[in-house]
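In: turn this into a structure:
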Amino acid sequence: MERLQNSEGERPSKNGSVIINDDKNGDENKERGNWSSPVEFILACLGYAVGLGNVWRFPYLCYRNGGGAFLIPYTIMLVFAGLPLFFLEVSFGQYCSEGMVTCWKALPLLRGMSIGQFLVSFYLNISYSVIIMYTIYYFFASFTSVLPWVGCNHNWNTAFCSSLVDDCIQVGGIMTANNTCANLTSFDQDQLDMYNVTYNYTSDEYDLSQYVDPFKDQRQPASQEYFKYQVLQQSDTMSDTGGVVWQLALCFIFAWIITFLCMIKGIKTTGKVVYFTATFPYFVLFILLIRGLTLPGSGEGIKYFITPRWEHLATPKVWLDAAVQIFYSLSVSAGGLTTLASYNKFHNNCYRDSLLVASLNCLTSLFAGFVIFAIVGFMAHEAGKEVDEVVTQGFGLAFVAYPEAVARMPAGPFWSVMFFLMLITLGLDSQFTGMEKMSTAVCDMFPRYLRKRRTLVMLVVCSVSCICGFTCVTRAGAYWMSLLDNYGANFQMLFYGLAEAAGLMWIYGAKRFTNDIRTMLGDTLVDSKLFYYWIVNWAVITPLLMAGIMIFNFINWSEPTHDNEQYPLWGRTIGWLIIASGLLALPIDWVYKIIKSPGSIVERINLLFVPSPKWGPALPQHRREAANVHKQHGTTMGGVVNLSSLNHDNEDINKNAKYSALSKADTESAV
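Out: You can find the predicted model right below:
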């Protein structure tokens, strides 16, 4: 029998719900746009989630917290915190096709949180652009026959450059107590004894196995001095701005130009760019792993990385590190996943995508750990040190340890170019989503005026971010970058994760949210016993984990430092203002809505806890489908079915209306 189908591509199903025949060859949402294919969404999410932290933070945490034993708390936190929040945000964004601000028509109580997320995104975008700036600098500096951070004979080197010791020994001398190189032939026996050097008269050679450099603790690798004194040209204190470093300024502007050009047409250009930026890092990591395994000492480095040290599991800090790492590694509760998913077609299999991206993200972290520690093992072998003496984290790994390692490799400039090109693509992927969620939020708040001017919005957002980030290209830039890194997102993101899980499950309603997913993905998934895993996590386990982590962070809080020095009082004040800006937006928005709304004070407060009339899927056919599914399964959609019945100049029109189920005319509200 021929299936009945109307002009909008709808057909009735056996149970009476409406099934939509999505247009697979074009945009389903003509006004807002969609990903050209599900692969683009997966790559965009993968690029957003797989970032610089996978390469430089996870390997260090794994080493510091018990090696292979760290994978146990890491996996537990993935299963009970990271993965549930990932799927929650992706399904939430796909259902409503809204950005991170307007999506909270579902629960106006949390709209202020999205404004905080917007501000946090602004801080993170500046941080990512600074990291991209550093990598661009190193990328271009690597196009040379001899890498510029090799040796201690440059004008930026100090008398405590570590390579001076090796250079001195190679010419038959040692570094003395006054930090000068003296030839061993000029020493008498008493002086040789003082430096633990013995002379073998039979072989006519000096034995330096017991010699210790008098300034060993003060030595810095040549790569560290290059980063600090040539790249950063770092001032002595945060208060000493010292002017703009013009080389960094050019790289910074270039980074923002690349970002803008790659996003000039929104997801239509980003969706194509991610085919390269999301896959290229895996290509480079694989090549670096093969190269690393051929280096002497690589086996010891990998052994150090994976050897379980079970006693660490009894330390609460290990579990905290695991939770925080999986939380930020998957990039949940920042609004980015909701934004990316909002460009999916309504019936896209976001469940499959969430499992795939989250799994690949964690496997990438593990893979990167093998790559990095193979190289760290080589560094330890070359320096004659233990692995734990050369392990570092953060900027130290990316811009000090790894440059030091490639400088010792054959064809070092080639490996340096490959590594920093990989870091550029990793940084750009995260930057794309950060900028996309900000521009989408602005356009979604004022769709009538800005959606057709998306390129202009992106230009303004990029320009403002670039200008505000110029403090990071001064000689005090490293302090500002560290300040943003320490205060910009940590506590706020944990709070957002708790708020969105608790808000959607406890106030919006777990059953209602489940039926939202049912509308998109069908009965088979939602009615399976396995789906209880998601509901229990969203409603109980994940919020409790987030609350526990926040309490532990608060109890063990200590003021962040840079280079083991505390920020000045005014710097710490700015840091706390950054934290406050991401949290106070929530109560400020409550006050604003209560003042603006009509009715008694009780009615105004109640409006914070019910969905806006405009809440629901974006397209009319999907709204009717959702209302029908909700009605059949004992819940209501939350917004009106027919948006044309509303005054579009006011999202909160008819606030005192009694919402009812789907009507024949499809014009009544369905809560």
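In: tell me the mean pLDDT for stretch 426-437?
Out: Here the mean pLDDT over stretch 426-437 is 84, rounded to a whole number.
In: CA atoms only: put stretch 27-46 into PDB for me.
Out: Taking C-alpha atoms only, stretch 27-46 is exported to PDB below (Å, rounded to 0.1, in the frame of the first residue of the first chain):
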ATOM      1  CA  ASP A  27      19.400  21.800   5.000                       C
ATOM      2  CA  GLU A  28      16.400  20.700   7.100                       C
ATOM      3  CA  ASN A  29      16.300  24.100   8.800                       C
ATOM      4  CA  LYS A  30      16.500  26.500   5.900                       C
ATOM      5  CA  GLU A  31      16.800  29.600   8.100                       C
ATOM      6  CA  ARG A  32      19.500  28.400  10.500                       C
ATOM      7  CA  GLY A  33      21.300  25.800   8.500                       C
ATOM      8  CA  ASN A  34      22.500  22.300   9.200                       C
ATOM      9  CA  TRP A  35      25.700  20.200   9.000                       C
ATOM     10  CA  SER A  36      26.100  19.000   5.500                       C
ATOM     11  CA  SER A  37      26.600  15.500   6.800                       C
ATOM     12  CA  PRO A  38      26.700  13.700  10.200                       C
ATOM     13  CA  VAL A  39      30.400  13.200   9.700                       C
ATOM     14  CA  GLU A  40      31.000  16.900   9.900                       C
ATOM     15  CA  PHE A  41      29.300  17.000  13.300                       C
ATOM     16  CA  ILE A  42      31.300  14.100  14.600                       C
ATOM     17  CA  LEU A  43      34.600  15.700  13.400                       C
ATOM     18  CA  ALA A  44      33.600  19.100  14.800                       C
ATOM     19  CA  CYS A  45      32.800  17.500  18.200                       C
ATOM     20  CA  LEU A  46      36.000  15.400  18.100                       C
END
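In: please point out which parts of it sit buried.
Out: Taking 16 or more other C-beta atoms under 10 Å as the neighbour-count basis, stretch 27-46 is seen to contain the buried residues 28-29, 32-36, 38, 40-46. (Glycine included, C-beta is placed from N, CA and C.)
In: give me the contact list for that stretch.
Out: Under the contact criterion C-beta atoms under 8 Å, 6 or more residues apart in numbering, stretch 27-46 has outside partners 22, 90, 97, 266-268, 270-272, 274-275, 278-279, 337, 340-346, 348-349, 353, 356-357, 360-361, 429, 432-433, 447, 451, 618-619.
In: now do 6 Å
Out: Stretch 27-46 is contacted from outside by 22, 97, 271, 274, 278, 340, 343-345, 348, 353, 357, 360, 618, using C-beta atoms under 6 Å, 6 or more residues apart in numbering.
In: cool, and stretch 63-70?
Out: Outside of stretch 63-70, the residues within contact range by C-beta under 6 Å, 6+ apart are 62, 305, 306, 307, 308, 309, 310, 312, 313, 318, 321, 391.
In: ok, these vs residue 535, which is closest?
Out: Distances from the contacts of stretch 63-70 to residue 535 were compared by C-beta to C-beta; the smallest belongs to residue 321, at 28.0 Å.
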